[in-house]
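Undergrad: build me a model:
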Amino acid sequence: MSEETRIEVRKDGPLIVKNCKTIVLPDGTVVEEKAMTALCRCGMSKNKPFCDGSHRENGWSDE
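TA: Coordinates of the predicted model:
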């Protein structure tokens with residue numbers, strides 16, 4: 001039995017999506033299934049919508 005899809009908010013970091021079957025980007029591209037995907041919340045990632053760690057380099061805070 002598969003687990004439900006969950007989204008976790010990381011303090012001062014990305015959204016962590018777990019057990020997602022399909023992610024569809026705005027241009028219609030379907031991203032392959034992964035056990036865990038990190039999505040950018042800070043807006044500074046060079047690989048949007050995915051997190052590339054830019055929030056750490058730039059001192060971004062979710063406050």
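Undergrad: check what pLDDT the residue positioned nearest the centre of the chain gets.
TA: In the chain, the C-alpha nearest the mean C-alpha coordinate belongs to L39, at 1.4 Å (Cα atoms, centre = their mean). With respect to pLDDT, L39 scores 95.
Undergrad: report the spatially closest residue to it, excluding sequence-adjacent ones.
TA: Sequence neighbours aside, L15 is the residue nearest to L39 in space, at 4.3 Å (criterion: Cβ to Cβ, 6 or more residues apart in numbering). Every C-beta, even on glycine, is put in place using the N, C-alpha and C of the backbone.
Undergrad: contacting residues for that neighbour?
TA: By Cβ atoms under 8 Å, 6 or more residues apart in numbering, the contact list for L15 reads 7-9, 38-39, 41.
Undergrad: hey, what's it bridged with?
TA: L15 has the following beta-bridge partners by DSSP bridges: V9, L39.
Undergrad: that one and G43: what is the separation?
TA: 13 Å (Cβ to Cβ, to the nearest Å).
Undergrad: so where's this protein uncertain?
TA: For the chain, the stretches flagged by pLDDT under 70 are 1-2.
Undergrad: the helices in it, which residues?
TA: Along the chain, counting by DSSP state H, helices occupy 54-57.
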